[in-house]
Every structure is written in C-alpha cells, then in structure tokens.
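> Take this sequence and fold it.
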Amino acid sequence: MIYCFSLNAYEYAYTYAYAFRTTSKGSSVNGRSRSTARHVSQTSDPAVTNAVIETTTTATATSPAFENFDYEEHWYPCVWEEDVESDVPTKVTIFDVDYVVSKTPSGDVVAMKDYCTHKGAALSEGRMTAKGYFQCAYHGWSFDGSTGDCVEIPQIVFQTKKDGDGNDAHQLQSATIPSRACANTAVPAQIHQGMVWLFPGGGLEKALLAPPPPSVPEDLFTNHSNDLKMTTAVRDMPIDFSILLSNICDPDHGLFAHQSTNFDMYTASLDCGFESFVSEETDGGKGWTLRTKIDAKDKMLELDRSLRETTKAKSKPKSKKSDKGKQKPESPWATFRFYAPSHVRMNRVNKETGETKFASLFYVCPVGVGRSRFMSATLSGFKIPRWLIAPNLNNFLDQDTYLLATQQRRLLAQEADGLRAAMKEKKIDDRNDAERIKGLALKTRTKNFTLPSPTDKISARLEQFWDATLTRCPNRAKHLLNLDESGAFLQTPSREFVLDRKTQSLDISKDSRDVVRNCKRTKRVSRVIAIALALGKVARTVTTKTAATSRTTPPLAFVKFVFKTSFLAPALTCLFLAFSLAAKLEREYYFKYTDKYRRADMKKIPEKIWLDK
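Numbers count the residues shown, from 1 in each chain. I've put the predicted structure just below:
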C-alpha cells in the first residue's frame, strides 16, 4: 500500500527502514543522498565559566539561525506499536490535529485524519472491518486508510435482480461514490524500531524526502558482550512538548526534583566541563542535533560530600564510606543526544571498550499547545514487564510534572505576548496566516531565562532553538493565542488534573489496563472466598452438635478440615494479603502524588543531595 511502511516489532535491533544518521558521512534513503551537517560548533574547554554561558546564550551572529528547519518536514512518534490493536482504531493527536491509526490484517500500519467525510464524526469511535478498513460508527461509511478513499457507503448499495442477459443475479452493487467522500485524509505512516511514526506534513513524496526517524544504532543492542533489550512506557502529559523536552535535556534538575544521584553523571561543573559540545544542522538544515560528552562521575555530589566532612555534618550512606581509600575504576563517558524535534538519547559508554550496558531513550509527541505524549524506553540486559515499569515511571514523572505546569502557565503566556507583539510589528492581522507567521522569531526563553550553571549550556542552545522555530509549528499560533485569550494561562491547573494517571497512562496502555482488571478480579475473588469461609465457619459451629452425633462421611470430613481454625486462619490471612497487594497495585494507576508526597521528597534534599548551609 502506497502510504504504508512496516518493520516487524521485534526486528528493530537488526533491521532498519532508514540508515542511522551520521555526522561525518552522508546517508542515503532509496538511493537519494542526504547532505552532511552544514554547521558545527564545538567546544572542549574543561572549565566552563559564566562568561562562556553568557556568550552562548546571547551571541547568535555566529550560531545557526535554524532558518531551514520546518516542523512539517519531520516524522513524529505517536504510539508504541504494541499499543496498537489490529482490530481497533487508535486515536492520536499531533499539533492539535487528530488522526486515527490501526493495523491492517497484513500487519501494515495505516493512518488518516480522524474524521468521516460524511458529517465529520470521528473514525476512532468506529471499528475496523474484516478487510482492514476504517468504518465510521455513525452511518457505516468505510475508508481505506492507505489512500484515504471512501470504499463503501451502505446507503447507496443496491441489489441487482437481473444481469445483462436477463438472468437472476441478486448481486450487490454500489452507486458511484462522490469524489468529495474521498478527501485526501490519509497520512504516511510507518513502524520504526517498535514505534508508529506519522508524517503529518504532506503526502508520500514529501515524506520520502524528509529526514528519517532517528534510529538507535545497532551497536547499542549488540555491542561487545551486551545483548540489550528494550522496555517501553508511555504517558500523556498536560505539558507543552518544548517544555518537556527542555526538562529531559536538563540533568541539573534531576538532583533536586527527583532526588536522584544518577543525574550528576550527566551534569557539568566549573571543575569538570563538557569534553565535547556539538550543535549541528543536518539534512541541509531540515534537521538539528545537539550532542554532549562528559565524564560520568559525581560533580556536585562530590562537593557536597566534602562540605559535609568539613562541617562534620551527617555523612553520606555507608556505601559511600566503604569506597573511601579504594581505587575507583575510571569513569565512563556520559553521552547525551537531542534529535530535533522529538527524540533524546542518554547512555554511558566505557572509555576503553566503547561498551554500553544501559541507555535511556525518550520520544516526545507534540500533541498540541500545552499537551504532549511522553514515550520512553530503556535498553538493558533484561526486559522488564511494562505493567511493572508504569508505576515506577509514574512515581518518577509525578515528582516534577506539576513543577513544569507552574512554569508552563507563565512561559506560554509570555510566548503569546511576544507573538502578538511580533505580529503587530510585521502587520500580520490574521492568526491563521501560517506562512507569514513562520517568518517570525521570538525571544521568549532567551529573554526570560537566567542560565548561569555550566550544564545550562545545553539549555541555552536549546532555548535558542525553540525561540527561533516554534512559530513554524503547525497550528501553534492560533491555538496559543486562543488559549491565552480564554484565560487558560491565568492559573495553574490542580495537582489532581496535572497528575491524573488514569487518563494519562492507564487509558492508553493495554498492559496497564490488563493489570488493573486482574487486580479488580483478585480483590473480588478473594473477598467472595473470605466471606464464604467465614459463613461456613459460622454454619459449622451451629451444626457441630448435629455433626458429632452423625456418621462422618468423607465429604463431611473434608468440610471439617476446611473450617478448622488451624486451616482457616492461614487461609484468611493469605486472602487478606492477596486483596491488600492487589488494592495497593491498583492504586498505583490512579492519582497518587499529593502534597504529602511532595513534602516527603523535599526532606530528602538536605539528607542526600545538598546540605543546608
């Protein structure tokens, strides 16, 4: 089918639809050469000072202006393949436009804009036919997702009683389907490394000329002695994709927002700067990447430990003490890569062997203004069940998502103000005038952010990119201004709304829904059995005298054994534990992170991250 590309879900480690992009050589797709990077800015100064950060933040004359970067020239991840069922249409949204995705009986993925050309009802509310067509639930119209053509309208199908020779025929025929019913609503789709990607910027010809979806290089799966396996997770978030990606690309925040010491391996300090910092345009300016490499060792935490020793404060955990005096192995490289506009990869690499034992992959789908879909994957030596990953990931994301919501309210309002001012200066009166608005560049982030940390060198470059390109996001200008004028940015939404795990995670993950259903079933069954045992015990007590004077038959002996205290107590205890564990696991898929949890997390900062002075 012309709009369909596919790769088997479990062949991503060895087979690629496109070559992995490189920085030294051009790659090719279907015989077409891809241009090499046009601009590279690189620093390797081990001591990164405030002056350097300030220069990076403000001096743009020698930096690429991203003038050729176009959001409509890129593929976007929208859903993990394992979350797409072959007989159920799945709704996804990119840049405030709804699409419907499904698999055909042959295993190919197809996608269309999520509306029926009859009366505009959502196709995602319908079903998939036996032939793999989208069928609208409103009036039964069917569409071929590979072309967007309407292939059947039940109301204009009729039965012919006679054929051309006058013989009985009783065949079904259809009147001519109106051309307006076959609107060009199909979009190019492909499965790439276990994920469904859509190209909302045009048809197949344009999609083939666009930069390919970023690939995880094969050596991360089969490098040396490693055989890394991928574990995936997903969550929808009421956070703008630009804010979420800036958060992912900011390792400094992990120490305080997550109280996680591992983030320090990716940070820079005044004593330990980036070994390399590369910002480059790729694919003739259509793409952009940001890459860093630094020693994967403690920086701020090491300083904190020395301060604790100096002040004779409570020391770090014993595991840290036990390492004192011992020769530590050489730290690996901590590498970071951002592939605009939607992918981040972080991993640690052995300096001698180049071996990677663990990697974190992040994919962010720009659902719309103030909304995004966060998809992550870990590459490690073993595969963890998704239902087990989801609660842990949700606990992790809850720690800073509400912080991002408080930031978003102010930042998007400032972006809207800056957009109005720029439109007024250029005399653009129509917020739907996308072509003229694309030529605007804002200074929302570079003007309002203060970035003195050595690690902020990443943020400074990334915020320059957002300021230069966000006006080119499809539909962003009109939706941003509409939201601002509606008062959406006047206050931060409630914590319960921002951190609602049910709608953001449970409803979109089949594995999680299966676990919650099993938890409910376990609770129900254990409750019924416990009640039955309790009632049986009461009934046995009442009939003890009668049973004692009667002959004991084998079935009655079994009943006596079941309801003996020596058996009943352990049985009820096991049922109680099963009920409690199922209830506890089920709660993990609903709103959890109250202010009580936040206050408990904040107490961990002086305990293990940064001592109060």
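> rest of the way, CA atoms for contacts and neighbours
Noted.
> got the buried residues for the longest helix along the chain?
Secondary structure of the chain per DSSP state H: the longest helix is helix 386-425. By neighbour count on 16 or more other CA atoms under 10 Å, the buried set for helix 386-425 is 386-387, 390-391, 394-395, 397-402, 404-405, 408-409, 411-420, 422-423.
> Give the next helix or strand downstream of it.
helix 434-437 (DSSP states H and E).
> what number of residues lie near Thr231?
18 (other CA atoms under 10 Å).
> Tell me the buried residues in stretch 351-365?
For stretch 351-365, using 16+ other CA under 10 Å, the buried residues are 355-365.
> Domain-wise, how is the chain divided?
What automatic domain parsing lists as the domains of the chain is 1-36+75-210, 37-71+211-505, 511-588.
> Of all the ones you listed, which one is nearest Thr594?
domain 37-71+211-505 (7.5 Å; CA to CA).
> now the closest one, how far from the chain's geometric center?
13 Å (CA atoms, centre = their mean, to the nearest Å).
> and what of stretch 605-613?
On CA atoms, centre = their mean, the centre of stretch 605-613 falls 31 Å from the chain's centre.
> List of residues touching it?
For stretch 605-613, the external contacting residues (CA atoms under 8 Å, 6 or more residues apart in numbering) are 255-256, 259, 261, 301, 304, 307-308, 316.
> and those, which are buried?
Here, 16+ other CA under 10 Å leaves 255-256, 259, 301, 304, 307-308, 316 buried among the contacts of stretch 605-613.
> Of all these, the one with the weakest confidence?
Among the buried ones among the contacts of stretch 605-613, Lys316 carries the lowest pLDDT, at 46.
> about what we covered before: out of the buried residues of stretch 351-365, which are inside strands?
356-365 (DSSP state E).
> can you list the residues you listed in TSV and add distance to Arg436?
Listed next are those as TSV, based on distance: CA to CA, whole Å:
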residue	distance to Arg436
Thr356	46
Lys357	48
Phe358	45
Ala359	41
Ser360	38
Leu361	35
Phe362	32
Tyr363	30
Val364	27
Cys365	25
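> returning to what we had before: so for Asp601, which of the domains of the chain sits nearest?
domain 37-71+211-505 (7.4 Å).
> so where's the stretch 501-613 of the chain shaky on pLDDT?
540, 542-566 (pLDDT under 70).
> Report all helices and strands that the longest helix of the chain contacts.
strand 229-237, helix 241-248, helix 444-448, helix 476-485, helix 495-498, helix 510-542 (3 or more CA pairs under 8 Å, 6 or more residues apart in numbering; DSSP states H and E).
> And the average pLDDT for that helix is what?
96.
> secondary structure element for Phe338?
Going by DSSP H and E, Phe338 is in strand 333-339.
> Relative to that strand, what are the paired strands and their orientations?
strand 287-295 (antiparallel), strand 343-349 (antiparallel) (DSSP bridges).
> any idea which helix or strand comes after the first one?
Just to be clear, that refers to strand 287-295. Next element after strand 287-295 (DSSP H and E): helix 300-310.
> so where do the strands sit in the stretch 51-200 of the chain?
76-80, 90-94, 97-103, 109-113, 127-128, 134-135, 142-143, 150-152, 157-162, 168-174, 189-192, 195-198 (DSSP state E, counting those that start in this stretch).
> okay if I get these as TSV plus mean pLDDT, distance to Ile248 and mean neighbour count?
Formatted as TSV, these follow (pLDDT from 0 to 100; distance: least, CA to CA, whole Å; neighbours: other CA atoms under 10 Å):
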stretch	mean pLDDT	distance to Ile248	mean neighbour count
strand 76-80	97	16	25
strand 90-94	97	20	22
strand 97-103	96	25	23
strand 109-113	96	29	29
strand 127-128	96	37	21
strand 134-135	96	36	30
strand 142-143	96	39	26
strand 150-152	93	42	20
strand 157-162	68	54	12
strand 168-174	64	54	12
strand 189-192	96	22	26
strand 195-198	97	20	26
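> can you put the ones you listed in a markdown table and add distance to Ala207?
Compiled in a markdown table, these are given as follows (distance: least, CA to CA, whole Å):
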| stretch | distance to Ala207 |
| --- | --- |
| strand 76-80 | 11 |
| strand 90-94 | 16 |
| strand 97-103 | 17 |
| strand 109-113 | 14 |
| strand 127-128 | 26 |
| strand 134-135 | 23 |
| strand 142-143 | 22 |
| strand 150-152 | 23 |
| strand 157-162 | 36 |
| strand 168-174 | 34 |
| strand 189-192 | 9 |
| strand 195-198 | 9 |
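> closest to Asp240 out of those strands?
The nearest among the strands of the stretch 51-200 of the chain, by CA to CA, is strand 90-94 at 11.9 Å.
> Many thanks, have a good one.
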